[in-house]
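Q: The amino acid sequence is not available; the structure is as follows:
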């Protein structure tokens, strides 16, 4: 998938990696609980961004982007836990975690910028 929206593209590509990580954890290592958690939060980031882009209002946009941000933070947690419990290697962790952190940073900026513009327009 390629669009003109960087955060949408990055979140979709990240979700693809998360699905592949889930399949590895679930079907190669036979890990059921943590793999499901990271799958849910990691794929929810992009789904909520996509929904936000079709918001009916700025308030709804900010709310959906905030949900995406929370899901990104949650995904960071699950990735860290998978790493610290040795379900994923150092190489795997350092390959995927920075992508998640980048999404977290982008989403933080989007939420902060949108909120500050809304406050300035009051």
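A: Thanks, I have the structure now. Note that the structure is predicted; figures quoted are calculated from it, not measured. Residues are numbered from 1 along each chain as shown.

Q: Average pLDDT for the helix ranked longest in the chain, rounded please.
A: Ranked by residue count under DSSP state H, the longest helix found in the chain is helix 90-120. For helix 90-120, the mean pLDDT works out to 93.

Q: Same question for stretch 34-49.
A: Average pLDDT, stretch 34-49: 98.

Q: got the buried residues for it?
A: Residues of stretch 34-49 classed as buried: 34-35, 37-39, 41-49 (neighbour count, 16 or more other C-beta atoms under 10 Å). Yep, even glycine has a C-beta here, placed from its N, CA and C like the rest.

Q: Pull out the buried residues from stretch 110-122.
A: Along stretch 110-122, these residues count as buried under the neighbour rule (16+ other C-beta under 10 Å): 110-111, 114.

Q: what number of residues lie near residue 105?
A: Neighbour count of residue 105, defined by other C-beta atoms under 10 Å: 12.

Q: right, I mislabeled it, should have said residue 94
A: Residues lying near residue 94 (other C-beta under 10 Å) number 11.

Q: In JSON lines, list the buried residues of stretch 34-49 along with secondary structure.
A: Converted to JSON lines, those look like this (DSSP: H, G, I helix; E, B strand; the rest coil):
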{"residue": "34", "secondary structure": "helix"}
{"residue": "35", "secondary structure": "helix"}
{"residue": "37", "secondary structure": "helix"}
{"residue": "38", "secondary structure": "helix"}
{"residue": "39", "secondary structure": "helix"}
{"residue": "41", "secondary structure": "helix"}
{"residue": "42", "secondary structure": "helix"}
{"residue": "43", "secondary structure": "helix"}
{"residue": "44", "secondary structure": "helix"}
{"residue": "45", "secondary structure": "helix"}
{"residue": "46", "secondary structure": "helix"}
{"residue": "47", "secondary structure": "helix"}
{"residue": "48", "secondary structure": "helix"}
{"residue": "49", "secondary structure": "helix"}
